[in-house]
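S.K.: starting from these lines, generate the structure:
(one chain, ligands or ions: 1)
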Amino acid sequence: MIQDQVDQIAEKVVAGIKQKLFIPVEASGRHVHLSRKIIDILFGEGYQLTKAKELSQPGQFSCVERVDLIGPKGTIKNVAVLGPERQNTQVEVSLTDAVALGIRPPLRESGNLAESAEVTLATQLASVPVKAAIIAKRHIHMSAEDAQWFGLSDKQNVCVEVLGTRPVIFQEVTIRVSPHFRTFMHLDYDEANACGYQKGTVARLVRK
Ligand SMILES: [Zn+2]
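M.R.: Coordinates of the predicted model:
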């Protein structure tokens, strides 16, 4: 495609997001959120995480620090740490990652750690087993203003068509509303790969 056409398509997508016809999509890779206690063990007493890059959700950031995930069947090295530190440690992996590690995490909304799977976190300094691994349920972060515009409420499940290079309609996408959120759909890499996600991919709600 010649650059002019690419630019025109990009302009239409940006306009569509502004008019709330489209919802921007992000693929979130495997990552961990760490509690104070676990940071002390893995990086040293009182260690402060180092911000590398701001994320789309206000106040959230990726860190310079990395950890290894060790399961009974395999290890995944250099996994992203997201800040700020949290009350509870949480490890978010895709189903493909879980198979490689040899663990069976439940499909859960972020923050709900019931029956989460055990995995070992490791740095050069230390390693520690945590019962904290989940597969995050796909979701849309939505600002209160956008939720009102779309007529949606917190915890509602919707059907969403993701317009990647091989479009997929996803069912059971959970809406999460907060005045602190910016509107973005989050997929894990299994889902992102399934629909041919690339940077700039958008989605639209499918009204039943
Ligand atoms: Zn999210």
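S.K.: so which residues of this structure form helices?
M.R.: Shown for the chain, the helices assigned by DSSP state H span residues 3-18, 36-43, 95-101, 144-150, 189-194.
S.K.: would you mark the buried spots in the longest one?
M.R.: Residues 13, 16 are the ones in helix 3-18 that count as buried (16 or more other CB atoms under 10 Å). In short, each C-beta sits where N, CA and C put it, glycine included.
S.K.: please apply the same query to stretch 51-60.
M.R.: Buried residues in stretch 51-60, defined by neighbour count with 16+ other CB under 10 Å: Gln57.
S.K.: for the top strand by length along the chain, packing partners?
M.R.: In the chain, assigned by DSSP state E, the strand with the most residues is strand 75-86. Packed against strand 75-86, as judged by 3 or more CB pairs under 8 Å, 6 or more residues apart in numbering; DSSP states H and E, are the following elements: strand 31-35, strand 61-70, helix 95-101.
S.K.: swap in 10 Å and give it another go.
M.R.: Contact partners of strand 75-86 among helices and strands, from 3 or more CB pairs under 10 Å, 6 or more residues apart in numbering; DSSP states H and E: strand 31-35, helix 36-43, strand 51-54, strand 61-70, strand 90-92, helix 95-101, strand 117-122.
S.K.: the helices of the chain: which one's closest to Gly200?
M.R.: For the helices of the chain, the distance to Gly200 is smallest for helix 3-18, at 6.5 Å, taking CB to CB.
S.K.: and the contacts of the closest one?
M.R.: Identification of contacts with helix 3-18 by CB atoms under 10 Å, 6 or more residues apart in numbering yields 1, 21-24, 163, 183, 200-202, 204.
S.K.: on that earlier part again, measure how the longest strand of the chain sits relative to strand 31-35, angle-wise.
M.R.: 50 degrees (axes from the mean of the first three to the mean of the last three CA atoms, to 10 degrees).
S.K.: give me the mean pLDDT for strand 75-86.
M.R.: Per-residue pLDDT values over strand 75-86 give a mean of 97.
S.K.: can you list the strands that that strand pairs with?
M.R.: The strands that strand 75-86 pairs with in its sheet are strand 31-35 (parallel), strand 61-70 (antiparallel) (by DSSP bridges).
S.K.: looking at the ones you listed, which is buried most?
M.R.: Among the strands paired with strand 75-86, the stretch with the highest mean neighbour count (mean count of other CB atoms under 10 Å) is strand 31-35, at a mean of 22.
S.K.: residues contacting the closest residue to Glu115 other than its chain neighbours?
M.R.: The spatially closest residue to Glu115, leaving aside those adjacent along the chain, is Pro106, at 5.2 Å (CB to CB, 6 or more residues apart in numbering). Counting by CB under 10 Å, 6+ apart, Pro106 touches 112-117, 133-135, 137.
S.K.: where do the domain boundaries of this protein fall?
M.R.: 29-136, 138-206 (the TED database).
S.K.: save these as a markdown table, and put in distance to Ala10 too.
M.R.: Shown next, in a markdown table, are the domains of the chain (distance: least, CB to CB, whole Å):
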| stretch | distance to Ala10 |
| --- | --- |
| domain 29-136 | 18 |
| domain 138-206 | 7 |
